[in-house]
Every structure is written in structure tokens, then in C-alpha cells.
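S.K.: pasting the sequence and the predicted model now:
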Amino acid sequence: MTQVDTNTPPAPARPMARRQGAMAAKFAALLAVLLVLPFIVPLIGMNVGIASEIVIYSLFAIAFNILLGFTGLPSFGHAAFFGTGAYMVAILQYQGIENTAVALLTAALGGGIAAGLVGVLVCKKRGIYFGLLTLAFGQMFFIVALRWDEVTGGETGLTGLTRSTIDLGFAAFDLNDQMTFYYFVLLVFFLSILVIWRILSSPFGAVLRGIKENELRVQYLGYPAYLYKWAAITISGAFSGLAGGLFAYYQYATYPEFVFWVQSGNVVVATLIGGGLNSFFGPILGAAIFVGAEDLISSYTEHWMLFFGLLFISVVIFFPNGIPQAVMRLTSWIRGRTGAQDADKASEETGK
Amino acid sequence: MPGFVEIVSQLTNGVIYGLILALVAVGFSLVLGVMGIINFAHGLLFALGAYLAYSLQFHVGYFGALVIAPLIVGMIGILMEFVFIRRLYGRDPLFVLVLTFGVAMAGEEIIQLIWGKLARSVDAPAFADSFIDFGFIIYSEYRLFMAAAAALIIGATWYLLAKSPLGSIIRAGTHDPEMVSILGMNLPLIRTGVFGFTALLGGAAGVVAAPLWSVRPTMGLDALLPAFLIVVIGGMGSFWGSVLGGLLVGVANAISVMFFPRFADLTMYVLAAVVLLYWPRGLLGKKSVLE
Amino acid sequence: MNILEAKNLGVYFGSFKAVDDVSVAFEKGRLTSIIGPNGAGKTTFFNLLTGFHPPTSGSVLFKGQDITQLPIHAKVELGLTRTFQVLNVFDQLTVKENLRIAVQRLRGHPWRLLAHEDGFSSVEEEVDRLLVAVHLQDFRHTRADEMSHGHRRHLEIGLSLGVDPEVLLLDEPMSGLGMYETGQMSDFIQELAQRLTVVLVEHHMSVVMKISQRILVLQNGRLIADGVPADIQQNAAVREAYLGKSYGAGDNSKETVNA
């Protein structure tokens, strides 16, 4: 989206209407890319299903980024909310409730409630202490998933889930079909991120941005900051739960690994790779790269944790601000190097 | 209803378990306090201590391992700080946590590659491999040795922090990292030293725990997660808070094992949640710059 | 009428009494300044009044109501707010975005999650009014961290005004300002004092002497003098507190007292 407008002065001022228009354009471009994604994925030798996984993971990362990128709260327990959503879908199905819409709403509700409970304990904290607490209490959900066999299936999880057919009268959509499932996931994803964007651009979202910048200042403007943080955690948890619910359908199962700390770390890393700290759409790119890498690594080795560990380390050391920024740096570095030869050319161009 | 003897022996077990956890938590909390770092790889260092004890026992015996293994783990800690963590000072603490996440994951896999997936066992040293008969209760000698060793290391650490000149620098750093550099101290060196020292503590805890814990790749996390909660319960940056928290978690765990064994793991979470609601800074915590 | 009152207010850090048994009432509409050597406890006193620190002893009354135990935001809701010695604005946001967060609580329904933040005309009008009030109308879309220090000080006061306070505590609003900016700030504070009760902590003695209607002097956490500027200048205890340094009014605006 690099548009050059010669009519505006160099000041960073941008009229509101233009800003909203630019955002609408970005949403449209994103939709266009995601609509053709399942046709691109096989071209690079991957399973069509990966497209669904990318979109589901993107939703998880964007939901997570409500906290990290837009409220400044580093959560390391988001697997708990994601996993709760997944288990909601599975548990409902084991109870005989097959309706997809009901199951996904319950997944969001479950994720929200789980996050709300953790939120009560952590919403007065920030920074590294917030990270420590979410990490610790997130792992509590893993223990519940592991030990409460009657409900969660213990170590083996809940397997053999089914996807239903959504019958709209004029047409029926069988979600067992990979393409149909992908477009269903895309629909849920797109509606969700529209809602999330709307929330972040509301007055409430402005308070969250204020908290990210300067929580004390927000308190001295008369806002009970902890309530806003609690609400942010809960909303983030609800959308994470929704993503988890979709993931249960994707895998036809839920496993305790969904709730494991590694999963919490994954979403942080995916968000960082995409440069999510300062970007709404960044986590989508991060999720795509992350899911692709995961697919690649796990198809070559069973020691995936080793490579994931190395991935985590290298992301922090080499791309702490995300791949997009790293690419920009690299290109400007290359330009700088070739700049010597191109110097004449460049000066010629600027001279025009 | 468990009988008197079982209650006494479980409670004693709880205290000993608590001491080991406290030892892990003290090292973890020191890095957190002095460097503002959540070292997620601290559990890995604990596991490395136990595995090195396993390998070294065949060559130098248990006591040899008790000395050598922590030193090796300490060196690994220094290396870790020097190669990775040093690059991240002054940046968002988030990055260090993700980094140590990665180190913990890769490390766990490396342990599996070297020692295999299955649990290994470390024998208790010969002098303490039998049982003492207290009349009403028969108790394992090694457990008592373990308690004594853990308590001794905790005591020595406290002495070092509270009484030595180095300790006062470290304590100053806990409150205000900038002060240390204002005092003209070499901050990077102190950080490396503190990190190495806590790695050594973690390794020592691993060696002491090895004969009783099952030595397996995931044991690091089994010790680290309680350590998180112990820091929450005891209060960030409080030495005795970590010790108190460790003992509370150990005893609470022992009690819940008797009454609802399946969910015993959850007790410490409930304990931490209750503490957090009533003592937001932990039982012995003070207002800190990290909040 | 006393709008804000400290009763036997004190805070101890160990055996060190940072603020020691201070009782003082602030009359509505008056501009009161608090002076004293560095470390006298002026900022700590502000911190106690606004709930940044809980006091060890004593209480704070606002319009007769005991607000000592109220959380910060509740005190602000009642009409008491402050600025900080170390500048405290939203650095990454533009001036307009800064002010909007301040004013929308009372006018923009901050809990309406799905309403767009641009959609509240009452908020926009108030932001426009504030921009003029703090003389930043030319910087509407400038990011806070790209402005001069003086403008940022104005912005911080603008944030505080956005919550419609009745009492505004200003903690060294002139620190770090040049001579010209200090003059502007002095005029600005006088403007504010027409409408609000202002309490000022400041080192610029000439400004303090010129604009204050009443001056309190703190030393070692204790209130050692209280009176109109002319009295304070004559006060022997105050002279002694400043180590005998003379600080007669009106010599030049650079003169500060830094004991």
C-alpha cells in the first residue's frame, strides 16, 4: 500500500476518511489473497488442508495480538484459551450436540470464560509479571486436560470428531470436503477479524492503546485500567477459543498438546515473525510462515522440538521486529551495497 | 482416611519436595530479580544436572557428580548468557522469554538425543541407601540427606547474598540495575556471573533430586512450573519468600496427594490464585520495578 | 470553601519520614504553590494526595469526602487530577489521539465496543476546544514524541483538562523549559487558575512569587511556612531552609532554588 500523494504536506497528518478507506482496501486485498490461497498452496507442494490451518492460526494470532500488540500485555498462556475452545467443540460432540454454529459459539464462550477467570488474577499486573502469571496459570488448563479423563479423554484426547453438513435450504455444504471447509473457515475468520478491527478502533480500543503506551496516565484520566485489561483478555480469549474450535474440526480431534505451553509460545513467535507488535495484519503473515515451517519440519524429522527451539531463538535474535521489517532492512542494505555502482544513476534520477 | 504414620511420612515428603522446589525457585527468582528475565530454560538446567549425575556416577561416584555436575551446568549457563541472552539486554523482556522458550525446547530434544526418551535412574549414594527406624516410622535415609543438602545449599546461597560484598552488589541490582553501573561495577560481568551462579544452583538441585525423581527429558518442566508459582506465592524478588513458597507448595501437594491424588498437581495453582487475590505482591513480596 | 484537604498526612519509608504529619486545606479557586528544597517531599506529597502512594498515616478529603482509600481513577472521576514531573503523555499517539482518550470517558461512551472512535461529535468538539485551550491547534496530527518539550508539557496539561477536573495538581510544569517557554507556561497556568483550583510544585521562584496566591513551604517532609508570597519572602525559617540563599523576586526568571 505505498501510495504517493503529492497534494498532502509532508506532515504525518492523514484525514480520518482516508485512513478508513485505506483499511478497507487492505481488508479487500487480504480477502482476495485468501480466496485464492487453496489454489496456491498445492503449487508449492503442500496439502490443501494447510490453507485452512494457516487461516485458523491467523485468527488465533490476531486474537492473541489484541493483547500483545494493542494493549501491550505479553500473554504466555494463550494455549489455554485456544485449547478450551477446541475441547468445547469435542466435548459437545461427545454429548451428541453436532450443530456447528452452536459448537463454535460455545468454543468462543469457553475461551472467553477461561480467559476471564485467568484475567481476574492477572489484570492488575503488567510486563514480565503478567507474562509469568499467564504462563503459570495457562499450564493449569493443560493439567486439567490431562487428568480429567472422563471429560477430556486424558492423554489420548478426544478423537473421531465429525464435521457436519451445513444445509441452508437452497444449498448444502459438506465440511468434510477440504475446499468447502476452507471457505467456511475463511468466512468465520474474516467476520471475526472485522469485528476485532472494529473493537480496536472503538473508543474502548483507544483506551487499550493508551494502556499499552502508559497505563499510569490512563488511570489518571479516570479509567479503571484493570477493567479494560480484563475485558481485553476476555475478548482475546474468546476469539482464541473460536480459533481453537475451528482447529478441533480441522484435526477431527482435540489433544492435550493444544493446551500445552509450547502452543502458547508458538502463537507468540508467529506474531513476532509477522511483525505483529505494531501491525494488525502482521500476524497473518507470521502464521503463514510459521505453519509452513511447521509442516516442512515435521515432514522431515521427528525431532521437531529441536528445530522449533532453534526457530524461536533465531526469530528473537535475527527478526525481533518481524520478517517484513527484516526484509526492508535487507533490501536497503543491498541497495546500500550496490549503491556505489548505482550512485550516478540514482543522482540522475533524483535530479529529475 | 490416611493413618497417622502415613500423614507424618507424607508431610515429611512434602517438606523435602518443597525444599527441592525452593532450591529451583531461588535460582529462578534471582535471575528474575536481578536481570528482569524469566528464564524458561531454568528447568532445563535442573534436568541437565540430573542427567549429568546419571552419567557421572559411573565414573566419579555420586559425590563426585554432586560437585562436578553443578559446575558443568554453571558453565553451560555462562555460555548461554554469553552467546544468547547478552544480545537482548535493554530490549523488551518478552524477547528473552521467547528465547529461553526456544532454548528449553531445543535442550529437551538434545537431552533426548543424548540420553534417550526413557527414564533413567540414579542410585542413592551407598552411605544413605537404607532406612532409619524412628520407632513409629521408618524413613528413607536418602530423603533426609536430600533435605539436608537442599537446606544447606539454600543456606549457603543466602549467606552469599546477605553477607558477602558480591551479595550486596547483587542485592543492589535487584532493586535498581542502574545503581550497579553507577557504582562503577562491571554490569555485564555481574550479569554473566549471576546467570552462571543460578545455573549452578539449578544443576545442584537436579543432582540432589536425581535419585528420587524419575530422570526423564520433561523433568525440567516438572520442576520449573512449580517454581513459577512459588515465586508468585512467595513474592517476586524475595529470597525467603521463595523458600516459604517452596515449602507451602511441597506440603500442600503432600496433603492433596493423600486426599485427591489425581488432581494433586492442581493444588499449587489454587494456592497461588488465593495468594494472588489476597496478597497481590505475594506473601513476602515488596513493590518492585517489574510491575 | 475547602475543596481539598490533607489531614495529618504522612508517609514513612522505614524510619525515613518523606512526608511528616502535614495538614493543609486548599481553598476552591485559589492558586497555591508548594516550594521547598530538593528532597523536601513536595512530589511525595502530591503522590499521597492523588493516591499514587498510599499514606502511612492521615487522610485526604475532597469536598469533605474521605478519598484516601479510593483508587486513582475514582479520585479522577471526582475531579482531582495531576501532571507529572517526568513528562507523562502517550508518546506514540498524535496530539489529537492523546486528547481524545482524555475526553472520551465523559463524552464518548468508552465501553461501546463496536462504535467507531471517529463517530462522536461531542468528543471531536471537545478535542477542538482543548486544542485551542492548550495552544496546540497547529499540532493536531503531530505525534507527541515529535514535539518540543514545551509543547509536550502543554499537551500533558491538556490531557488533565480533558477529564474536567476541579482541582489540578501540576508537578514542576516548567522543568526543562527554556526562558520563553517558561513565560508562556506561566501565563497559561494563570489562565487555568481563572477556572480551576490549581496546586503547583515549582522551582522557578520568580514565577511562583508572581502567580501564586498562597505559598506552602516544605522542608524534610514538614510544613514550615504557609502564607501569601510577600510573607513567605520575609519568613526567616524559609530563608534558613534555603541555606540562607536569597531569592528575592523579580531579579530574573532563570533563578531557581536548588538546595
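M.R.: Ah, there it is.
S.K.: kindly export stretch A:285-298 (C-alpha atoms) in PDB.
M.R.: Taking Å, rounded to 0.1, in the frame of the first residue of the first chain, the C-alpha atoms of stretch A:285-298 are listed here in PDB:
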ATOM      1  CA  LEU A 285       1.900 -13.400   7.500                       C
ATOM      2  CA  GLY A 286       3.600 -14.700  10.700                       C
ATOM      3  CA  ALA A 287       1.000 -17.500  10.900                       C
ATOM      4  CA  ALA A 288       1.500 -18.500   7.300                       C
ATOM      5  CA  ILE A 289       5.300 -18.700   7.600                       C
ATOM      6  CA  PHE A 290       5.000 -20.500  10.900                       C
ATOM      7  CA  VAL A 291       2.500 -23.100   9.700                       C
ATOM      8  CA  GLY A 292       4.500 -23.600   6.600                       C
ATOM      9  CA  ALA A 293       7.700 -24.100   8.600                       C
ATOM     10  CA  GLU A 294       5.900 -26.500  10.900                       C
ATOM     11  CA  ASP A 295       4.700 -28.600   8.000                       C
ATOM     12  CA  LEU A 296       8.100 -28.700   6.500                       C
ATOM     13  CA  ILE A 297       9.900 -29.500   9.700                       C
ATOM     14  CA  SER A 298       7.600 -32.200  10.900                       C
END
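S.K.: what residues of stretch C:119-127 count as buried?
M.R.: C:120, C:123-124, C:126-127 (16 or more other C-beta atoms under 10 Å in any protein chain shown). To be clear about C-beta, it is placed using only N, CA and C from the backbone, and glycine gets the same treatment.
S.K.: who touches that stretch?
M.R.: With C-beta atoms under 8 Å, 6 or more residues apart in numbering or on different chains as the test, stretch C:119-127 has contacts from A:203, C:96, C:99-100, C:103-104, C:107-109, C:117-118, C:162.
S.K.: please state the offset of it from the chain centre?
M.R.: 26 Å (C-alpha atoms, centre = their mean, to the nearest Å).
S.K.: give the rounded mean pLDDT of it.
M.R.: The average pLDDT within stretch C:119-127 is 85.
S.K.: tell me which element whatever residue of the stretch 101-250 of chain C ends up closest to chain A falls in.
M.R.: Residue of the stretch 101-250 of chain C nearest chain A, by C-beta to the nearest C-beta: residue C:141 (3.3 Å). Using DSSP states H and E, residue C:141 sits in no helix or strand.
S.K.: so it sits against residue C:98, correct?
M.R.: No - under the contact definition of C-beta atoms under 8 Å, residue C:141 does not touch residue C:98, with a separation of 11.3 Å.
S.K.: compare those two (neighbour count), which wins?
M.R.: residue C:98 (30 against 14; other C-beta atoms under 10 Å in any protein chain shown).
S.K.: list the contacts for the nearest residue to the more buried one once chain neighbours are set aside?
M.R.: The shortest distance from residue C:98 to any non-neighbouring residue, by C-beta to C-beta, 6 or more residues apart in numbering or on different chains, is to residue C:90 (5.0 Å). By C-beta under 8 Å, 6+ apart, the contact list for residue C:90 reads A:209-210, A:213-214, A:217, C:97-98, C:101, C:144.
S.K.: so which of those wins on neighbours?
M.R.: Going by other C-beta under 10 Å, residue C:98 tops the contacts of residue C:90 with 30 neighbours.
S.K.: who's in contact with that residue?
M.R.: Here residue C:98 is in contact with C:89-90, C:144, C:155, C:158-159 (C-beta under 8 Å, 6+ apart).
S.K.: that one belongs to a strand, doesn't it?
M.R.: No - assigned with DSSP: H, G, I helix; E, B strand; the rest coil, residue C:98 falls outside any strand and is helix.
S.K.: pLDDT at it, what is it?
M.R.: Turning to residue C:98, the model gives it a pLDDT of 91.
S.K.: chain B versus that one, what's the distance?
M.R.: With distances taken as C-beta to the nearest C-beta, to the nearest Å, residue C:98 is found 23 Å from chain B.
S.K.: could you export the one helix or strand residue B:205 maps to as PDB, CA atoms only?
M.R.: Using DSSP H and E, residue B:205 maps to helix B:187-209. What follows is helix B:187-209, C-alpha atoms only, in PDB (Å, rounded to 0.1, in the frame of the first residue of the first chain):
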ATOM      1  CA  LEU B 187      27.400  -4.800  34.900                       C
ATOM      2  CA  PRO B 188      27.800  -7.400  32.000                       C
ATOM      3  CA  LEU B 189      30.200  -9.400  34.100                       C
ATOM      4  CA  ILE B 190      27.900  -9.400  37.100                       C
ATOM      5  CA  ARG B 191      25.000 -10.500  34.900                       C
ATOM      6  CA  THR B 192      27.000 -13.300  33.500                       C
ATOM      7  CA  GLY B 193      28.100 -14.300  36.900                       C
ATOM      8  CA  VAL B 194      24.600 -14.200  38.400                       C
ATOM      9  CA  PHE B 195      23.300 -16.200  35.500                       C
ATOM     10  CA  GLY B 196      26.100 -18.800  35.800                       C
ATOM     11  CA  PHE B 197      25.600 -19.000  39.500                       C
ATOM     12  CA  THR B 198      21.800 -19.600  39.200                       C
ATOM     13  CA  ALA B 199      22.500 -22.300  36.600                       C
ATOM     14  CA  LEU B 200      24.900 -23.900  39.100                       C
ATOM     15  CA  LEU B 201      22.100 -23.800  41.700                       C
ATOM     16  CA  GLY B 202      19.700 -25.300  39.300                       C
ATOM     17  CA  GLY B 203      22.200 -28.000  38.400                       C
ATOM     18  CA  ALA B 204      22.800 -28.800  42.000                       C
ATOM     19  CA  ALA B 205      19.100 -29.100  42.600                       C
ATOM     20  CA  GLY B 206      19.000 -31.600  39.800                       C
ATOM     21  CA  VAL B 207      21.800 -33.700  41.200                       C
ATOM     22  CA  VAL B 208      20.200 -33.800  44.700                       C
ATOM     23  CA  ALA B 209      16.800 -34.700  43.200                       C
END
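S.K.: do you know how far residue A:93 is from residue A:153?
M.R.: 12 Å (C-beta to C-beta, to the nearest Å).
S.K.: ignore what I typed, I meant residue A:135.
M.R.: Look at residue A:135 and residue A:153: by C-beta to C-beta, they are 25 Å apart.
S.K.: who has more neighbours, the two?
M.R.: residue A:135 (25 against 21).
S.K.: for that one, list the residues it contacts.
M.R.: Per C-beta under 8 Å, 6+ apart, neighbours of residue A:135: A:76-77, A:261, A:264, B:38, B:40, B:228.
S.K.: how about those in TSV, adding secondary structure, neighbour count and pLDDT?
M.R.: TSV is the format used below for these (DSSP: H, G, I helix; E, B strand; the rest coil; neighbours: other C-beta atoms under 10 Å in any protein chain shown; pLDDT from 0 to 100):
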residue	secondary structure	neighbour count	pLDDT
A:76	coil	27	90
A:77	coil	30	91
A:261	helix	23	85
A:264	helix	26	89
B:38	coil	25	87
B:40	coil	28	90
B:228	helix	25	89
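S.K.: which of those come close to chain C?
M.R.: For chain C, no contacts are drawn from those by C-beta under 8 Å from any C-beta of the partner chain.
S.K.: for the residues you listed, which one is nearest residue B:285?
M.R.: residue B:228 (14.1 Å; C-beta to C-beta).
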